[in-house]
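[1] Build me a model from this:
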Amino acid sequence: MARRSISRIITSLAEADPDRIVALDDTTTLTAQQLDRDSNRLARAYLARGVGQDSMVTIALPNTVEMIVACAAVWKCGATPQPVSLDLTADERADLQELVRPALVLGIASAYAGTPSIPAGGRRIPAYPAPASLTHGPGPGRHPRHPARRAAPRSSSRPLLRSSTPTSPSRRSSRATRSSSSPARSPTPRPSLTPSAA
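    Numbering: from 1, shown residues only. The predicted structure follows:
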């Protein structure tokens, strides 16, 4: 079976079984068709706000349908969602944002003026015209920046990695056996330091 990205799985499920319930919370039930449609609309809005392939998107939302739709939209942008706890303090959120440098923050205000944010309830934001089309992501096991990257030819004389593992006892014993079976070398005669008689 060919590998498919999560966004392609969502779209395929919406086409095959649009009325299937895929998520629910205390107030909302989400079908496969609604998930695909709403995540497409949000993905275009995220792209218009600067999210791109390989971007990080910080998501501070409760575990609801809105969280699921937001993550699906981020994946459709080719980006990576980064869920964070709502219990973090403002200083902790600022430190985390400084470390990750997300392209967009969802659910809470951004700690930095240069990073856009969308408050909770953003599932209903209007979709701005996006400058780029949606992507379905690279799929498992492939890096989006290098989809056709080829490995360098391996040299038989030099290993790619050098192990730092200590020599095992069995190898040490085999080396000792080989050294004991080899013929002993006679010591090289050293010059005498005794002065000769006159």
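[2] where exactly do the helices run in the protein?
    Across the chain, reading from the start of the chain, the helices by DSSP state H fall at 6-16, 32-48, 65-76, 90-100, 169-181.
[3] How many residues are close by the residue lying closest to Gln33 once chain neighbours are set aside?
    Using CB to CB, 6 or more residues apart in numbering and skipping residues adjacent in sequence, the residue nearest Gln33 is Pro18, 3.6 Å away. Backbone N, C-alpha and C define where each C-beta goes, glycine included. Applying other CB atoms under 10 Å, we find 14 residues neighbouring Pro18.
[4] same question, Thr89
    If you count neighbours by other CB under 10 Å, Thr89 ends up with 8.
[5] got it, and Val74?
    Applying other CB under 10 Å, we find 27 residues neighbouring Val74.
[6] do Ala73 as well
    Ala73 is flanked by 29 other residues according to other CB under 10 Å.
[7] which residues does it contact?
    Asp38, Ser39, Asn40, Arg41, Leu42, Ala43, Ala45, Tyr46 (CB atoms under 8 Å, 6 or more residues apart in numbering).
[8] From Ile118, how far off is it?
    Relative to Ile118, Ala73 is positioned 11 Å away (CB to CB, to the nearest Å).
[9] okay, and the common contacts of the two?
    Between them, Ala73 and Ile118 share these contacting residues under CB under 8 Å, 6+ apart: Ala45.
[10] so where is this structure shaky, pLDDT-wise?
    Applying pLDDT under 70 to the predicted model, the residue ranges of the chain that meet it are 1, 122-198.
[11] State the distance from the residue nearest to Gln33 to Thr31.
    As it turns out, when the distance is counted by CB to CB, Pro18 lies 6 Å from Thr31.
[12] just Arg49 next, same as before
    Applying CB to CB, the value for Arg49 to Thr31 is 27 Å.
[13] got it, and Gly107?
    The span separating Gly107 from Thr31 equals 23 Å under the rule CB to CB.
[14] which of those two has more neighbours?
    Using other CB under 10 Å as the criterion, Gly107 and Thr31 rank with Gly107 on top: 21 against 18.
[15] Quick one: residues contacting the more buried one.
    When contacts are counted by CB under 8 Å, 6+ apart, Gly107 touches Ile59, Ala60, Leu61, Leu86, Ile118, Pro119, Ala120, Gly122.
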